[in-house]
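A.B. asks: I would like to see how this sequence folds:
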Amino acid sequence: MKSLLRYIITRIFLTIPMVFILLSLVFVVFRVMPGDPVKSMLGAHAPPDVIEAKRAELGLDKPLIIQYFDYLKQLARFDLGESMIFKQKVIQPIKEKIAATLELAVTGMLFTFFIGIPLGAFAASKRRTGRDFAIRLYGNIVYCIPVYWMGLMLQLVFGVWLRWFPIAGRTGARVFPSMFEKTGFYIIDTILIGDFSALLNVLHHLFLPSITLGIVLSGVFVRLTRANMLDALRSDYVLAARARGIPEKKVVYSHALKNAFIPLLTMLGLQFALLLANAILTETTFSWPGMARLLLERIYLRDYPTIQGVIVIFALIVSAISLIVDIVYALIDPRVKY
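C.D. replies: Reported below is the predicted structural model:
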């Protein structure tokens, strides 16, 4: 137990410099990019003295190194600052949007698992057959498809032509935001209040954007699951199970898949980071009111504090998921040394 605790503490300390380097890069990149946030606020024809006064008010007239250390001092106080464009704390819009992004990300990852892992396992069990080739081809194609194009195609087919699913928003017009004040997670809130018609409405709106993320990212898990399953199916314990007359389906999906699943956990943290990156395009395509869409809007406005705040939260989420995955991996795999 002490060794596991030491491992967790070491992983936490290794996460800190990663987040620090990311924040430093973001700080520098957004300040050397073309464009002036003050002119975006006041307009290109604002008087020069008004522009300079606003720059001084926002602290943008200070040397870059001073701005950087001021920002680090803010973060040390757990203060993400105040928006340059809107008179509000950065944390306020993030609190309003984070639940939408996490709800989309989690359901997208569930679709990724339920599509990619069974297909990869089935392809491995049918190695060198037409079905194996078709599934491998599917994995390669969907991984190369841009997520926004996949979203647009699903909107066109299932939203416009078939009219099965809505193409924008988190809820319909008859579901009111006041219903979701408990947690901000619409699925959880509708269950807590016992309104299952609202729950169906929420799931109806969530399906297309989450399946878009799930399909695109499932290609990675198809290939990874197939590769690990091929190794597992050549193992001695699988040969022994077959020799005892255990049905092939049980050998594949109970014995081999259980052991092949362990390396897939290491991909979860990396794919969650990729999923959040794809969420920017998915939320824009489906008018999903989440953090990724907030980030894109504030990039256009050059709202540095909000941009940095959103990226801080993204970095913390990805780091936390990676840490949790490493801990779970260490707990379920006795070969991992602390």
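A.B. asks: mind listing what's buried in the strand or helix carrying residue 281?
C.D. replies: Element membership of residue 281, judged by DSSP states H and E, is helix 257-285. Of the residues in helix 257-285, those with enough neighbours to count as buried (16 or more other Cβ atoms under 10 Å) are 257, 259-264, 267-269, 271-276, 278-285. Just so you know, the C-beta spots here come from the backbone N, C-alpha and C atoms, and that holds for glycine as well.
A.B. asks: average pLDDT across that helix?
C.D. replies: For helix 257-285, the mean per-residue pLDDT is 78.
A.B. asks: Could you point out the helix or strand that follows it?
C.D. replies: Using DSSP H and E, the first helix or strand after helix 257-285 is helix 291-300.
A.B. asks: who's in contact with stretch 216-224?
C.D. replies: With Cβ atoms under 8 Å, 6 or more residues apart in numbering as the test, stretch 216-224 has contacts from 108-109, 111-113, 115-117, 119-120, 123, 135-136, 138-145, 147, 150, 263-264, 267, 271, 274-275, 278.
A.B. asks: I'd assumed residue 308 was in contact with residue 30.
C.D. replies: Yes: the pair residue 30 / residue 308 is scored as a contact, 7.4 Å apart, by Cβ atoms under 8 Å.
A.B. asks: the more surrounded of these two?
C.D. replies: Neighbour count, other Cβ atoms under 10 Å: between residue 30 and residue 308, residue 308 has more, with 21 against 17.
A.B. asks: Over to that one. Which of the three states is it?
C.D. replies: helix (DSSP: H, G, I helix; E, B strand; the rest coil).
A.B. asks: Residue 295 contacts residue 311, doesn't it?
C.D. replies: Yes: Residue 295 lies in contact with residue 311 (Cβ under 8 Å); the separation is 7.4 Å.
A.B. asks: Helices of the chain, residue ranges please.
C.D. replies: Under the criterion DSSP state H, the chain contains helices at 2-32, 37-42, 48-58, 64-76, 91-125, 130-144, 147-154, 186-193, 196-233, 236-243, 248-250, 257-285, 291-300, 304-332.
A.B. asks: Packing partners of the helix or strand of the chain with the lowest mean pLDDT?
C.D. replies: When each helix and strand of the chain is scored by mean pLDDT, DSSP states H and E, helix 37-42 comes last, with a mean of 72. Helices and strands touching helix 37-42, by 3 or more Cβ pairs under 8 Å, 6 or more residues apart in numbering; DSSP states H and E, are helix 48-58.
A.B. asks: Please compute how far the helix it packs on lies from its chain's middle.
C.D. replies: 38 Å (Cα atoms, centre = their mean, to the nearest Å).
A.B. asks: what's the angle from it to helix 64-76?
C.D. replies: Per axes from the mean of the first three to the mean of the last three Cα atoms, to 10 degrees, the angle that helix 48-58 makes with helix 64-76 is 40 degrees.
A.B. asks: quick one: buried residues of helix 48-58?
C.D. replies: For helix 48-58, burial by neighbour count (16+ other Cβ under 10 Å) applies to 51, 54, 55, 58.
A.B. asks: Closest to the centroid, which residue in the chain?
C.D. replies: Note on the chain: the residue nearest the mean C-alpha position is residue 276, at 2.7 Å, using Cα atoms, centre = their mean.
A.B. asks: how many other residues sit next to the spatially closest residue to it that is not a sequence neighbour?
C.D. replies: Nearest residue to residue 276, sequence neighbours excluded (Cβ to Cβ, 6 or more residues apart in numbering): residue 314, at 5.7 Å. Residue 314 has 21 neighbours, counted by other Cβ under 10 Å.
A.B. asks: which of the contacts of stretch 216-224 count as buried?
C.D. replies: Buried among those by 16+ other Cβ under 10 Å: 108-109, 111-113, 115-117, 119-120, 123, 135-136, 138-139, 142-143, 147, 150, 263-264, 267, 271, 274-275, 278.
A.B. asks: Against residue 130, how distant is the residue nearest to residue 116 when sequence neighbours are not counted?
C.D. replies: Spatial nearest neighbour of residue 116, chain neighbours left out: residue 221 (2.8 Å); criterion: Cβ to Cβ, 6+ apart. Residue 221 sits 21 Å away from residue 130, going by Cβ to Cβ, to the nearest Å.
A.B. asks: out of these two, which sits in the busier spot?
C.D. replies: The residue with more neighbours, out of residue 221 and residue 130, is residue 221; 26 against 8, by other Cβ under 10 Å.
A.B. asks: where does the stretch 1-150 of the chain dip in pLDDT?
C.D. replies: 1-2, 35-36, 40, 43-44 (pLDDT under 70).
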